[in-house]
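K.L.:
sequence first, then the predicted structure:
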Amino acid sequence: NLVTVRWGPGVLQAPAKPGEAGYTDQANKPESVEVVGVEYDEEGLGKHSGTYQGKTLFTCRDGHGSFAKVEKLELGMPIQRAIAEKYFAAALPEAAKKSTRQETLDAMDYMDSKGREKSMSVEFVGRYDIEQRQQRLEGFVEMSLAESALASRYPDEIWSGDWSLPNLKSLWLDKSLICEWADVAAFATEPGVVISLEDTAESLPAGGTACSGSRTEW
């Protein structure tokens with residue numbers, strides 16, 4: 001479910017339920033939990049308008065407000081991570097790598113401190129992986145990142161160096177967390193890309209346009 005964080009994170013005391021010690025015995029207080037105050041996009045999912053035990057902590061539409069544990073909140077991510085999580089899981093920093101492949105790129109001549117000419121091999125760590133990744137990216141004609149936590153174009157936190165989707169023609173971003181037209185424009189790396197924004201366009205500023213040469217649908 002899509003939400004907007006309106007408050008927190010902060011620590012609140014979890015309400016005790018009937019039958020629990022904290023419900024009748026004030027000496028045994030219910031546990032405290034770290035939460036955020038959120039406003040649901042969809043009506044009927046919330047319980048209030050930003051109040052907690054009669055105190056207003058944030059303001060939102062009535063019946064859209066709620067509190068959620070921090071660990072249950074999935075924050076927005078840049079497109080590199082969204083692509084990597086779906087198509088290149090092994091490229092994620094947290095993924096365990098069995099081995100690192102090294103290749104000799106060239107021989108470099110140099111002169112040491114005593115004026116002697118020497119030569120050394122230069123190794124490019126991960127060169128094979130970079131070439132294979134870009135080759136796979138070039139193979140995408142259609143890509144779907146719908147119903148993901150995709151929220152922005154930057155930062156590039158997974159891959160260093162240049163990368164692109166030169167043959168991409170269709171990109172599905174339905175039900176994502178994008179809220180800026182500038183990010184939509186940045187996703188269209190080549191002219192003629194058709195971008196679907198069903199149930200996402202509602203979060204984008206009215207009157208905006210994606211970019212010249214691309215078409216958006218919602």
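P.N.:
Arrived safely, thanks for sending. Residues are numbered from 1 along each chain as shown.

K.L.:
could you pull out the helices in the protein for me?
P.N.:
Secondary structure of the chain (DSSP state H): helices located at 21-24, 79-87, 127-138, 181-187.

K.L.:
with mean pLDDT and distance to Gly161 added, can I get these in CSV?
P.N.:
Every residue, glycine included, has its C-beta placed from N, CA and C. As requested, the helices of the chain are arranged in CSV below (pLDDT from 0 to 100; distance: least, CB to CB, whole Å):
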stretch, mean pLDDT, distance to Gly161
helix 21-24, 49, 55
helix 79-87, 90, 12
helix 127-138, 75, 7
helix 181-187, 87, 17
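
K.L.:
out of those helices, which is closest to Thr59?
P.N.:
Nearest to Thr59 among the helices of the chain is helix 181-187 (26.3 Å), distances taken as CB to CB.

K.L.:
now do the strands in the protein.
P.N.:
With DSSP state E as the criterion, the chain has strands at 3-13, 32-40, 51-52, 55-56, 65-69, 77-78, 102-111, 117-125, 142-144, 150-152, 170-172, 194-196, 215-217.

K.L.:
contacts for the longest one?
P.N.:
Around strand 3-13, the neighbours that count as contacts under CB atoms under 8 Å, 6 or more residues apart in numbering are 29-41, 50, 52, 57-60, 65-68, 70, 73.

K.L.:
so how do I select the buried members of those residues in ChimeraX?
P.N.:
Entered in ChimeraX, the line below selects the buried ones among the contacts of strand 3-13, by 16 or more other CB atoms under 10 Å:
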select :35,36,37,38,39,40,41,50,52,57,58,60,65,66,67,68
